[in-house]
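Novice: got a predicted model here, sequence first, then my questions.
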Amino acid sequence: MKFKQGVSIRGLREEMHFALGQIDAAANSMTPTYVPTCTSGVDGKHSPTSLHYDGRAVDIRTRDLPPESVDEFEWRIRAHLSDDYDVVLERDHIHVEWQPKRPS
């Protein structure tokens with residue numbers, strides 16, 4: 001996993017550190033493999049209720065992938081994470097957040 005310059009993961013919850021490892025595993029399971037780039041952790045400008053500010057979300061750049069591989073990568077991330085994670089394909093990144101469906 002690479003991190004865009006200035007990205008902060010200080011204060012990222014343990015569940016999101018786990019997710020970063022699973023995102024790496026998803027990338028490594030693709031052919032050809034590649035190294036994903038995290039473009040936002042607890043930093044950046046997001047909506048006021050964003051889970052980024054609580055250390056429960058990260059963004060992963062998609063422009064490094066061929067366009068025909070983006071959906072597959074999104075699917076592979078979902079397959080590596082439980083239902084407590086939301087994986088959302090945005091225009092230029094994949095947003096991954098930890099939002100448990102049951103009390104923790």
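Specialist: Looks like it arrived, so ask away.

Novice: what's next to the longest helix belonging to the chain, contact-wise?
Specialist: Counting residues, the longest helix found in the chain (DSSP state H) is helix 14-28. Contact with helix 14-28 is made by 1, 9, 33-36, 38, 41, 55-58, 60, 73, 76-77, 79-81, 84-85, 96, 98, as judged by C-beta atoms under 8 Å, 6 or more residues apart in numbering. Quick note: C-beta positions are derived from backbone N, CA and C, even for glycine.

Novice: distance check, L81 against L20.
Specialist: Relative to L20, L81 is positioned 11 Å away (C-beta to C-beta, to the nearest Å).

Novice: and K101, how close does it get to H95?
Specialist: In terms of C-beta to C-beta, K101 sits 17 Å off from H95.

Novice: sorry, slip of the keys, the one I care about is K2.
Specialist: K2 sits at a distance of 17 Å from H95 (criterion: C-beta to C-beta).

Novice: okay, strands next: where are they in this protein?
Specialist: For the chain, the strands defined by DSSP state E cover 2-3, 37-40, 57-61, 85-89, 93-98.
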